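J.: structural data only, the sequence is not supplied:
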Ligand SMILES: Cc1ncc(COP(=O)(O)O)c(C=O)c1O
């Protein structure tokens, strides 16, 4: 295993299922569609952060003197924050979440779960999240605590190792079922998921294309982040691989109204998968990425004879934070 030398705790439900989307494939008449169910990783309902947290929490616990508090940051409806809160609870650690914006009138979706999981929340307004997280850490240290900061999205080389291991898991499933995917499509934002997949794909000579559909950043920006993170992740694992922005495939055609703004693309994607296969997407990440993939199928980017995997990265809890924007569709 490429990640064998890194400390790891086992908190995710793995391997996640690899399923054929047969009804949707027949409906669309395009490429053969499959889905990797990382919405089923467990840890307070599942999602991609469970895999990253297996390595991040182990690293926190391995710090000199240990760690007694996890700190991370994100949007108000951050899936990463919710899974970090769950991981902290699981290991008897305190948890501080630095969230963008102001406290909303109601606790819904991920925020409700953060509360149930016992996390403390610091609202950052529009101040830079990482500065605020460092301030919380400094204050806790003066109180004699031992905080460990997990960066935005859990996207550093330690977190990305979770998706190196995930790609190995997928390739083992492919081998057992004699499958090859021409394209793997996923939602990409802070980059740890895509960077981890890229590192393992390169190391294990997987030739399929890894297509990140950006949910918030322009392609140029995200490709720089991805190449740096993938190179640093390879280095952490002792692999002599390096990546340039040209090695990273990012599509930024589906940014719509910006991060977290649910438009017709996301709503239609959520309905399409829910009604064809009984699988729920989230409004911010997977809804946007799946909508982008459907559009690329319509445009013929993915050909009829090809096999395409959608990597479901979770976030379904977020649906409950966006009921108003999704209800219009329910009335259709
Ligand atoms: C459900 C979901 N999908 C995808 C992503 C993007 O993953 P990454 O930040 O590793 O690019 C996130 C990040 O928060 C997420 O919550």
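T.: Sure thing, it's come through. Here the structure is a predicted model, which is why all the values come from computation and not from measurement.

J.: who touches the residue nearest in space to the middle of the chain in this structure?
T.: Central residue of the chain (CA atoms, centre = their mean): residue 48, 4.2 Å from the mean position. Residue 48 sits next to 38, 41, 79, 162-163, 193, 313-314 when contact means CB atoms under 8 Å, 6 or more residues apart in numbering. For the C-beta atoms, the positions are set from N, CA and C on the backbone; glycine is no exception.

J.: and for residue 258?
T.: residue 216 are the contacts of residue 258 under CB under 8 Å, 6+ apart.

J.: give me the pLDDT for it.
T.: Predicted confidence (pLDDT) for residue 258: 96.

J.: that one in helix, strand or coil?
T.: When classified by DSSP: H, G, I helix; E, B strand; the rest coil, residue 258 comes out as coil.

J.: do residue 121 as well
T.: At residue 121, secondary structure determined by three-state DSSP is strand.

J.: and if you look at residue 19?
T.: Here residue 19 is strand, with the state taken from three-state DSSP.

J.: residue numbers of the stretch 51-200 of the chain in contact with the ligand?
T.: Listed as neighbours of the ligand in the stretch 51-200 of the chain under the rule CB under 6 Å from any ligand atom: 79-80, 153, 155, 187-194.

J.: let's see it at 8 Å
T.: Within reach of the ligand by CB under 8 Å from any ligand atom, the stretch 51-200 of the chain has these residues: 52, 74, 78-80, 152-155, 159-160, 163, 186-195.

J.: mind checking which of the residues you listed land in helices?
T.: Among these, the members found in helices (DSSP state H) are 52, 79-80, 159-160, 163, 192-195.

J.: most widely separated two among the residues you listed?
T.: For those, the maximum inter-member distance is 17.8 Å, found between 79 and 195 (CB to CB).

J.: neighbour-wise, which of the two wins?
T.: Using other CB atoms under 10 Å, the more surrounded residue of residue 79 and residue 195 is residue 195, with 32 against 29.

J.: and for residue 219, the neighbour number?
T.: 18.

J.: surely it touches residue 252?
T.: Yes. With contacts counted by CB atoms under 8 Å, residue 219 reaches residue 252, the gap being 4.2 Å.

J.: what residues are shared contacts of those two?
T.: By CB under 8 Å, 6+ apart, no residue touches both residue 219 and residue 252.

J.: ok, the closest residue in space to residue 179 that isn't next to it in sequence - contacts?
T.: Spatial nearest neighbour of residue 179, chain neighbours left out: residue 307 (7.0 Å); criterion: CB to CB, 6 or more residues apart in numbering. Counting by CB under 8 Å, 6+ apart, residue 307 makes contact with 31-32, 34, 179-183.

J.: take the residues you listed and keep only those in strands.
T.: Assigned to strands by DSSP state E, the following of the contacts of residue 307 qualify: 32, 34, 183.

J.: now, of the residues you listed, which are buried?
T.: Burial by neighbour count, judged by 16 or more other CB atoms under 10 Å, picks out 32, 34, 183 from the ones in strands among the contacts of residue 307.

J.: let's have those in a markdown table, adding distance to residue 133.
T.: Output for these, formatted as a markdown table (distance: CB to CB, whole Å):
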| residue | distance to residue 133 |
| --- | --- |
| 32 | 43 |
| 34 | 37 |
| 183 | 36 |
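
J.: reformat those residues as JSON lines; add distance to residue 91 and pLDDT.
T.: Below are those laid out as JSON lines (distance: CB to CB, whole Å; pLDDT from 0 to 100):
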{"residue": "32", "distance to residue 91": "41", "pLDDT": "98"}
{"residue": "34", "distance to residue 91": "34", "pLDDT": "98"}
{"residue": "183", "distance to residue 91": "37", "pLDDT": "98"}
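
J.: can you tell me the residue of the stretch 201-332 of the chain closest to the ligand?
T.: In the stretch 201-332 of the chain, the residue found nearest to the ligand is residue 315; the distance is 2.8 Å by CB to the nearest ligand atom.
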